[in-house]
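Participant: Give me a 3D structure for the following:
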Amino acid sequence: MFMKIQLELVDKMHFVAISPDNHQTHFDALPESGGENKAPRPAEIMLEALAACTSMDVVAIVRKKRKTVEAFKAIVDGERNDNHPKVFRRVHIKYILKSPDAELKDLERAVELSQTTYCPIIAMFKSAGCEISSELELLR
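Facilitator: Prediction:
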């Protein structure tokens, strides 16, 4: 599968990326780096992409088990290297599922499949040496 995006400078350090389907993602830098803090930094969007990727997997897998998903949240904490390149060295994901009929084992299996098989963003983080940890919470 091949993907192509475009990225254009809007102003100062504010950029906009345009996807093949014409969706836009804005990026900006902090004022001390010449930006105006109007949008997230690329590293923040990397964590957002990781959260979205694994969350889509987990919700889809839980639903395939014919369980009800009333609400779902992922909270991601990332720790980066102090020196350049400031890659992520540790990421912790807290998965919170609200379901009246899912069991913890359903959530555990969905997370395992996402983190080991389906989520390409987690795979990229791991291939760069990033340690991924997680915790699970099931709400009724």
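Participant: Domain ranges for the chain, per the record?
Facilitator: Split into domains by automatic domain parsing, the chain comes to 1-39, 42-139.
Participant: Tell me which of those is the most buried.
Facilitator: Per residue and on average, the most neighbours among those fall to domain 42-139, with a mean of 16 (mean count of other Cβ atoms under 10 Å). The way it works is simple: take the backbone N, C-alpha and C, and place the C-beta from them, glycine included.
Participant: quick one: contacts of stretch 130-140?
Facilitator: For stretch 130-140, contacts defined as Cβ atoms under 8 Å, 6 or more residues apart in numbering pick out 71, 87-100, 102-104, 107-108, 111, 115, 122, 125-126.
Participant: Just the ones of those residues in strands?
Facilitator: Among those, DSSP state E puts 71, 88-98 in strands.
Participant: Could you check how far the closest residue to residue 115 other than its chain neighbours is from residue 95?
Facilitator: Of all residues not flanking residue 115 in the chain, residue 122 sits nearest, at 5.4 Å (Cβ to Cβ, 6 or more residues apart in numbering). The gap separating residue 122 from residue 95 is 12 Å, by Cβ to Cβ, to the nearest Å.
Participant: Lovely, talk soon.
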